[in-house]
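Trainee: mind looking at a prediction? Sequence and model below.
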Amino acid sequence: MSETKLRESICMFGRSLFERGLTPGSSGNISLRLDDGGWLVTPTNASLGFLDPARISRLDATGRMVSGDAPTKEIPLHQALYDTRSSARAIVHLHSTHSVALTMLPEINPKAVLPPMTPYYLMRCGQTALVPYYRPGDPAVSDAIRGLAGRYSSVLLANHGPVVAGDTLEAAVFATEELEETARLYLLLRGLNPRYLSPEQVADLVKVFGVSLPADEHEGHEGHEGHGH
């Protein structure tokens, strides 16, 4: 896909996310890795609902500005995920309500923020890690993401929002949306002792669809078991 088309796709998906209330105001950012190692990234203080393709920030492989407006201050966060997940070609970071709410709950296990609730959550997100709170733009958040060693394509920043990588922009957007909807489901069912997918059902999804889960993924469900009694 040409760079012009990629710029247009960032604007299209950004507007879609914004118009459905998935990231308010000028929050959230999107980046795309280009074939030459450079990036396209949404500018700082830009609303995802009103992006101009010509003003999207273009960075070279060293992170130097080539053209467009100044990039988001969350560049280190994106860089950390790209550096540790070789398959990542696009990253979406939002301030979506239910995903942020999930990060504040006391029972959340940082190795597995959500239990296996739906097949599409596992197929699109795999499993989601929780990174402790850091102020926006703090370089320490990128160190925390690097510490996950690329095992997760979806990460939640405590009191802040999701950061999700995909092998295409569409995949990253769809996974972010799936994470938000699953967080919403969890909050709706919290305290009702819902029935999650069994280990056998999870194993079937892994086998049939090639779902990738962290090696210690089964440990993560312990934080949710028994909840709602």
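Mentor: Noted; the coordinates are in hand.
Trainee: quick one, phi/psi of the most centrally placed residue in the chain?
Mentor: Closest residue to the average C-alpha location of the chain: Val164 at 2.0 Å, with C-alpha atoms, centre = their mean. Per-residue torsions, Val164: phi -130, psi 130 (degrees, to the nearest 10).
Trainee: where along this protein do the helices fall?
Mentor: Taking DSSP state H to define them, one finds helices in the chain at 3-19, 75-84, 97-103, 119-125, 140-146, 169-189, 199-209.
Trainee: outside of the fifth one itself, list whatever touches it.
Mentor: Contacts to helix 140-146, defined as C-beta atoms under 8 Å, 6 or more residues apart in numbering, come from residues 76-77, 79-81, 83-84, 131-132, 134, 155, 157, 163. Every residue, glycine included, has its C-beta placed from N, CA and C.
Trainee: and those residues, which is closest to Ala203?
Mentor: Ranked by distance to Ala203 (C-beta to C-beta), the contacts of helix 140-146 are led by Val155 at 24.1 Å.
Trainee: need the contact list for that closest one.
Mentor: Residues in contact with Val155 (C-beta under 8 Å, 6+ apart) are Leu81, Thr128, Ala129, Leu130, Val131, Ile145, Leu148, Pro162, Val163, Val164.
Trainee: if we go to 10 Å?
Mentor: Residues in contact with Val155 (C-beta atoms under 10 Å, 6 or more residues apart in numbering) are 77, 80-81, 91, 93, 113, 128-131, 141, 144-145, 148, 161-165, 179.
Trainee: thinking again about what came up before, you'd agree the residue nearest to the centre of the chain is up against Leu157?
Mentor: No - using C-beta atoms under 10 Å, Val164 is not in contact with Leu157, being 11.2 Å away.
Trainee: and for the two, which residues touch both?
Mentor: Counting by C-beta under 10 Å, 6+ apart, the common neighbours of Val164 and Leu157 are His93, Ser99.
Trainee: low-confidence stretches in this structure?
Mentor: 215-229 (pLDDT under 70).
Trainee: swap in 80 and give it another go.
Mentor: Judged by pLDDT under 80, the chain has its weakly predicted residues at 137, 215-229.
Trainee: hey, what's Asn29 bridged with?
Mentor: Taking DSSP bridges as the rule, Asn29 bridges to His93.
Trainee: just the buried residues out of the contacts of helix 140-146, in PyMOL syntax.
Mentor: To isolate the buried ones among those in PyMOL, judged by 16 or more other C-beta atoms under 10 Å, type:
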select buried, resi 76+77+79+80+81+84+131+134+155+157+163
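Trainee: mind picking the one among the contacts of helix 140-146 that's closest to Pro214?
Mentor: Comparing those against Pro214 with C-beta to C-beta places Val155 closest, at 11.7 Å.
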